[in-house]
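Trainee: The following block contains a protein sequence and its predicted model.
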Amino acid sequence: MPRSLSGGRHELGQNFLIHKPTVSRIVGLVDDTSGPILEIGAGDGALTRPLSRLGRSLTAVEIDEHRAARLARRLPKVRVENADALRHRLEGPVVVGNIPFHVTTPILRRLLERPQWRTAVLLTQWEVARKRAGVGGSTMMTAQAAPWFRFRLESRVPATAFAPMPSVDAGLLVIERRPTSLVPPGERRDYECFVRAVFTGRGSGFARIVARAAGMGQGRARSAVRAAGIRQHSLPRDLSAQQWARLWTEVRPVCTKSR
């Protein structure tokens with residue numbers, strides 16, 4: 001196949017899914033949802049073909065113009081768009097895709113900022129999937145998104161499931177938008193700033209870190225930490241979505257006033 005104007009396989013991070021059980025698992029997860037489907041990183045159509053058989057509206061996005069044209073010819077009932085997922089609208093109730101490992105984090109960031117979708121079924125680099133799902137503790141990005149989204153790690157997918165074979169395994173990650181957010185959407189930016197300040201803060205004891213992050217006295221910070229059910233020696237990665245939300249409720253009046 002001719003080289004794409006966007007780059008070759010290495011530049012585009014193309015590792016095509018060839019493992020039929022994983023394809024079936026992804027399609028099954030999508031089948032449990034409802035509404036139009038947006039597939040990103042369609043490639044040669046390993047997921048597009050079975051997804052098209054679900055009988056739902058399907059848009060497939062592929063950055064390689066040659067693969068996009070070939071896929072459009074083979075699946076005329078599918079809307080195929082030659083576009084970059086880093087610039088595409090990423091709209092639709094259900095998003096699915098085999099995400100190129102080298103752009104997993106920026107695509108996730110864009111996706112978490114978009115308001116239209118309800119469920120995302122994503123094949124990502126294993127470490128990214130594991131961290132986003134909070135295995136071994138949550139990351140700052142997960143904590144920032146947790147009041148609005150639930151993350152679930154479905155399975156580990158071996159590198160042998162792809163061709164060419166990447167150097168690391170993949171993970172099947174499901175993200176669902178919460179029907180009711182734990183923090184009001186209008187407070188999202190302030191909340192994210194607070195979480196960042198806690199994750200990057202220094203000090204001995206969680207209350208001391210919160211006091212500095214929120215710009216409040218240590219006594220009030222200790223009360224806020226207790227109210228959220230957080231232990232004094234906890235680390236930011238240890239907190240649940242509910243604890244983050246409750247902590248924000250306790251410190252928000254001071255945080256928003258100081259900003």
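Mentor: All right, it came through fine.

Trainee: For the residue positioned nearest the centre of the chain, which three-state class applies?
Mentor: The chain has Leu108 as the residue nearest its centroid, 4.2 Å off, counting by C-alpha atoms, centre = their mean. Classification of Leu108 using DSSP: H, G, I helix; E, B strand; the rest coil returns helix.

Trainee: Could you give the backbone dihedrals for the residue of the chain most remote from its centre?
Mentor: Counting by C-alpha atoms, centre = their mean, the extreme residue of the chain relative to its mean C-alpha position is Gly219, 36.0 Å from that point. Note on Gly219: its backbone torsions stand at phi -60, psi -40 [degrees, to the nearest 10].

Trainee: related to what we said a few turns ago, list the contacts of the residue nearest to the centre of the chain.
Mentor: By C-beta atoms under 8 Å, 6 or more residues apart in numbering, the contact list for Leu108 reads Ile99, Leu122, Thr124, Val128, Arg132, Met141. The C-beta positions use only the backbone N, C-alpha and C, and glycine is treated the same way.

Trainee: ok, of those residues, which one's closest to Arg74?
Mentor: In terms of C-beta to C-beta, no member of these lies closer to Arg74 than Ile99, at 22.3 Å.

Trainee: Just list whatever residues bridge to the nearest residue to that closest one once chain neighbours are set aside.
Mentor: Here the nearest residue to Ile99 in space, its sequence neighbours aside, is Thr124; by C-beta to C-beta, 6 or more residues apart in numbering that works out to 5.0 Å. Counting by DSSP bridges, Thr124 is bridged to Gly171.

Trainee: what's the distance between Thr124 and Leu247?
Mentor: Thr124 sits 28 Å away from Leu247, going by C-beta to C-beta, to the nearest Å.

Trainee: what do you get for Leu17?
Mentor: Counting by C-beta to C-beta, the gap from Leu17 to Leu247 is 40 Å.

Trainee: And the two? Which one has more around it.
Mentor: A side-by-side neighbour count of Leu17 and Leu247, using other C-beta atoms under 10 Å, places Leu247 first with 26 against 20.

Trainee: Could you pull up the residues touching that one?
Mentor: Contact partners of Leu247, counting by C-beta under 8 Å, 6+ apart, are Val210, Ala224, Val225, Ala227, Ala228, Ile230, Leu239.

Trainee: so which of the residues you listed is the most crowded?
Mentor: Across the contacts of Leu247, the neighbour count under other C-beta under 10 Å reaches its highest value at Val210, namely 27 neighbours.

Trainee: What number of residues are in the vicinity of the closest residue to that one other than its chain neighbours?
Mentor: Distances taken as C-beta to C-beta, 6+ apart place Ala221 nearest to Val210, at 4.5 Å, with adjacent residues excluded. Each residue near Ala221 was counted by other C-beta under 10 Å, and the total is 25.

Trainee: What values do phi and psi take at Ala163?
Mentor: Geometry field for Ala163 lists phi and psi as phi -140, psi 130, criterion degrees, to the nearest 10.

Trainee: Read off the pLDDT value for it.
Mentor: At Ala163, the predicted lDDT confidence score is 93.

Trainee: ok, it to Phe16 distance?
Mentor: Look at Ala163 and Phe16: by C-beta to C-beta, they are 5 Å apart.

Trainee: contacting residues around Gly229?
Mentor: Gly229 neighbours (C-beta under 8 Å, 6+ apart): Gln243, Arg246.
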